[in-house]
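Undergrad: requesting a structural model of the entry that follows:
(one chain, ligands or ions: 1)
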Amino acid sequence: MNRFLAGWSEPRTLRKTLGALFLLSFASVSPARDLTGNWVARNPLPDGTSRDTYLDLKQEGSRVTGHIRATQYYYNIVESSGGPDSFVLTGSMMDGHNERRVTYEIKLAGDELLVRTRRRPDSELIQMTARPAPPGEGALPQRLPLPQLHPVPSNGLARTPPMGWNSWNKFAGRVDDAAVRAMADAMVANGMKDSGYVYVNIDDTWQGSRDAAGNMVPNKKFPDMKALADYVHSKGLKIGIYSSPGPNTCAGYEGSYGHEDQDAKTYAAWGMDYLKYDWCGARNLYADEEMQPVYQKMGDALLKSGRPMVLSLCQYGRAEVWKWGTAVGGNAWRTTGDIRDSWDSMTKIGFDQDELAPYAGPGHWNDPDMLEVGNGGMTEDEYRVHMTLWAILAAPLLAGNDLREMSPAIAAILLNREVIAIDQDPDGRQGRRVSKSGDLEIWARPLAGGAQALALFNRSALPAEMTVDWRDLGLTSPPRKLRDLWAHTDLKPEGDKFTRTVPSHGVVVVRIGN
Ligand code: GLA
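TA: Model (predicted):
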């Protein structure tokens, strides 16, 4: 027996066993059941939705072909082995230019299929039971034709990078109505609102299903979206929501595919102010090169809804989105894959943004992903690097931590108004790397009125003395005003150069006035 197929725990009841025996006794007169057919394994979630895996299979002898759809994952079966009633199937799907493969172990047990798989080769084994489903149920919808390209007029929003909070980094699938209200309360109480954080953004996992008219209905975690938006607005804040241009989101929830206008109207009716629109499930229907017309549909739909809503594109920086993000009505576009709460992830993303600087400006921003400040995976110095670098990059500042339980040190990082002022500079010019020597990087950002922000980043494991020649910043004489934005002190510029000792995994950032 194949090593995958050993040790099945079979949830069969006596009734089913008897049923199978009954069938067996007729084996000579009725053809043996094989895998051919449409099968579904349902996994109901506490929010009232269910994650369903459909296996649409065709068995010919020991060969099995067909498709497996686990919500946002749609695999073509490319290899099968085993038999007569136990198989190992290999599924393949394209995610942009990358192939993703998965193995499913299948065992026919009477009128059920026992199915085992792993999301990734190193993750835990998931076991499920699939039962016959009507033909066609769960099939991937038809590919809809794409619109002609045209420039979507600007919505006039996000003149400076959006600031606020987003649920994903801390809460992921646990976000609910109460959490969103609590974050809005915290943003008012802890001074974030007064420091410029405005948007309270609900990420993935709020969706239920569509009603008979095709309108989106939230799941049990969000009993009344309009009331929630009213609450957030009553605090002087704005509220955001999340969807996908595909049939499913990254977490497998319902996407906006084929319902763009209808969903935009629904968001407007609820009072939404911001939409994060995440590619994920669209990859099964469209190539990366088709992202522009796909995103344009929602850019148009939001404008048509009549309510001003920030449009944040989330497609992981593929297809050179910075070149067309503005044309589809995007106010920001992700430039990278997902951030994690680690020094490696944050620095790999943040220090890789230099060349994208020319594409940012008022109304349209490069987005190196949301903040992890306060989530526990980095030191305070490292979080200061995170906050400073995002400000130099003119990045959206969307906090991603639990705002109810912030230490004073974390609050001081997120609420550093002098660093926030760099991020929110009205000229909206993204900063760039001035020099790099090993793990030591010097970045500068031009600010309104001829001022500059200068950041000395030490990515090394030891403290380092770092020096900048004022001439490297285009200054012909030492600046008249210099202020350290983490120490909150004025400095006295002396001589042609500026030298500071920068802690390991730390930063010194100064504002250079004139
Ligand atoms: C993708 C996005 C994340 C988050 C999740 C939600 O991974 O890049 O920011 O929205 O989906 O499922």
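Undergrad: every contact and neighbour count from this point should use C-alpha atoms.
TA: OK.
Undergrad: close to the ligand: what parts of the stretch 51-200 of the chain are there?
TA: Trp168 (Cα under 6 Å from any ligand atom).
Undergrad: in the stretch 51-200 of the chain, what residue lies closest to the ligand?
TA: Trp168 (5.9 Å; Cα to the nearest ligand atom).
Undergrad: count the residues that sit near that residue.
TA: 19 (other Cα atoms under 10 Å).
Undergrad: after the helix or strand bottoming out on mean pLDDT in the chain, which helix or strand is next?
TA: Across the helices and strands of the chain, mean pLDDT, DSSP states H and E gives its lowest value to helix 14-25, namely a mean of 41. Note on helix 14-25: by DSSP states H and E, the next helix or strand toward the C-terminus is strand 37-44.
Undergrad: kindly calculate the angle that the following helix or strand past that following strand makes with strand 37-44.
TA: The helix or strand immediately downstream of strand 37-44 is strand 50-60, counting by DSSP H and E. Here strand 50-60 runs at an angle of 160 degrees relative to strand 37-44 (axes from the mean of the first three to the mean of the last three Cα atoms, to 10 degrees).
Undergrad: parallel or antiparallel, list what pairs with strand 50-60.
TA: Here strand 50-60 has these sheet partners by DSSP bridges: strand 37-44 (antiparallel), strand 63-70 (antiparallel).
Undergrad: may I have the secondary structure class of Asp344?
TA: helix (DSSP: H, G, I helix; E, B strand; the rest coil).
Undergrad: and for it, the neighbour number?
TA: That count, for Asp344 with other Cα under 10 Å as the rule, works out to 12.
Undergrad: please apply the same query to Ala327.
TA: 22.
Undergrad: that one: what's it in contact with?
TA: Counting by Cα atoms under 8 Å, 6 or more residues apart in numbering, Ala327 makes contact with His150, Pro151, Val152, Pro153, Gln296.
Undergrad: swap in 7 Å and give it another go.
TA: Pro151, Val152 (Cα atoms under 7 Å, 6 or more residues apart in numbering).
Undergrad: can you tell me which residues in the protein are near the ligand?
TA: Residues of the chain lying near the ligand (Cα under 6 Å from any ligand atom): Trp168, Asp203, Asp204, Cys250, Ala251, Asp338.
Undergrad: leaving out sequence neighbours, find the closest residue to His364.
TA: Asn331 (4.2 Å; Cα to Cα, 6 or more residues apart in numbering).
Undergrad: with adjacent residues omitted, what lies nearest to Met225?
TA: Trp270 (6.2 Å).
Undergrad: wait, the one you found touches Ala227, no?
TA: No: Trp270 is not in contact with Ala227 according to Cα atoms under 7 Å; the separation is 8.0 Å.
Undergrad: more neighbours, those two?
TA: Higher neighbour count among Trp270 and Ala227: Trp270, with 17 against 14, using other Cα under 10 Å.
Undergrad: now the residue of the stretch 51-200 of the chain closest to the ligand: how far from Arg404?
TA: Trp168 sits 16 Å away from Arg404, taking Cα to Cα, to the nearest Å as the criterion.
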